[in-house]
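Trainee: how would this look folded up:
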Amino acid sequence: MRWASQRRPWLTAAVLLTAAVAAAAAIVMLTKPQPREAFHGLPHTYSYLQADSSGKVQLHMMSAAPADIVLRSAGMPLRPIAAYGINGGFFYGSDLLSVAILNDRPVNGVQGAYGSGWFNAKYPRGTLVWDGASGTMSVQVVSSGDDLSVTDRGHYWAQGGISMNLQHEELWQATAAAEHLPYAEEQRMRSGLVYNGDGKLWLIVTPSRCTAEAFRTAILETVPGEQREGIFLDGDGSSQMNAEEAVLTGDSRPVVQMIALAGGS
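Mentor: You can find the predicted model right below:
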């Protein structure tokens, strides 16, 4: 018993020393400069908003002028890319299956080539179009860039997806089914692109796993403005966002296309 009592101070000292070392290590980790994101410090041409719907769907939203949008190829997860923005349309492998056109040039190849971004593969689908000459936005249901109605073929962009029909509650489910919205009833992360009557564009990602209906309802509840309309984009592991305020990585999969903000590299 005497040996045990003599040993107790040494045990106490050892415990205190271990705690001190752990505390010092924690301080070093906290004060050590953290690696900056690839897009840190770029021109901030957007406003950020986070909102939660009544159904507990959390939306991360970047609001921008449509003139500041650059549709571009990615070929990797978004996080290493030096640009703000979100994921774009549907894809398979390295082929882009949604329209993604900037000034009459598909972002992933040449006009008429499969997987280039000139086509909405298989089905006519909702495509959000900014007509730069008229300054208007619309959702057009098209099969390819040939079908787009724009004022000036040298001054527009078009991003394919699936129609949300935010102005037509009675039509949206039938239209989404006709356009073959994948996994509409499953709990998935989701992305979308929405505009309002004030000419603002909203790039939207939710890390919440939800149905397409719950995501659409969250948009109706939380996106500011009237006369809103938009499209569903690719989702689940592809749902990714580069913002100064929030970095959402989905499942870190490579994506073929990005909806980026001007000023990136």
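
Trainee: What segments of the protein are helices?
Mentor: 2-31, 172-178, 212-222 (DSSP state H).

Trainee: Would you check that Gly199 makes contact with Ser134?
Mentor: No - judged on C-beta atoms under 8 Å, Gly199 makes no contact with Ser134 at a distance of 11.4 Å. Backbone N, C-alpha and C define where each C-beta goes, glycine included.

Trainee: So the closest residue to Gly225 other than its chain neighbours versus Arg153, what's the distance?
Mentor: With C-beta to C-beta, 6 or more residues apart in numbering as the criterion, Gly225 has its nearest non-adjacent residue at 2.9 Å, and that residue is Asn196. Distance of Asn196 to Arg153, given as C-beta to C-beta, to the nearest Å: 26 Å.

Trainee: out of those two, which sits in the more crowded spot?
Mentor: Taking neighbours as other C-beta atoms under 10 Å, Asn196 and Arg153 compare with Asn196 leading, 19 against 13.

Trainee: show me the contacts for the more buried one.
Mentor: By C-beta atoms under 8 Å, 6 or more residues apart in numbering, the contact list for Asn196 reads Trp202, Val223, Pro224, Gly225, Glu226, Gln227, Arg228.

Trainee: partners of the spatially most central residue of the chain in the sheet?
Mentor: In the chain, the centroid-proximal residue (C-alpha atoms, centre = their mean) is Ile86; its distance is 3.1 Å. Beta bridges link Ile86 to Met241, Ile259, judged by DSSP bridges.

Trainee: mind listing what it touches?
Mentor: 62, 78, 191, 203-205, 233, 239-242, 258-259.

Trainee: Out of the residues you listed, flag the one nearest to Trp130.
Mentor: Ile259 (11.3 Å; C-beta to C-beta).

Trainee: Just give the number of residues close to the closest one.
Mentor: 28.

Trainee: residues in contact with it?
Mentor: Per C-beta under 8 Å, 6+ apart, neighbours of Ile259: Ile69, Leu71, Gly85, Ile86, Asn87, Gly88, Gln159, Leu193, Leu203, Leu233.

Trainee: Kindly recompute the last result at 10 Å.
Mentor: Ile259 makes contacts with 62, 64, 69-72, 74, 78, 83-89, 100, 128, 157, 159, 191, 193, 201, 203, 233, as judged by C-beta atoms under 10 Å, 6 or more residues apart in numbering.

Trainee: Val107 touches Gly117, doesn't it?
Mentor: Yes - between Val107 and Gly117 there is a contact at 4.8 Å, judged by C-beta atoms under 10 Å.

Trainee: ok, the two, which is more surrounded?
Mentor: Gly117 (32 against 24).

Trainee: any idea how far the more buried one lies from Val205?
Mentor: Counting by C-beta to C-beta, the gap from Gly117 to Val205 is 20 Å.

Trainee: got it, and Thr45?
Mentor: 18 Å.

Trainee: Looking at the two now, which is surrounded by more residues?
Mentor: Using other C-beta under 10 Å as the criterion, Thr45 and Val205 rank with Val205 on top: 26 against 16.

Trainee: confidence score at the more buried one?
Mentor: Looking at Val205, its pLDDT is 99.
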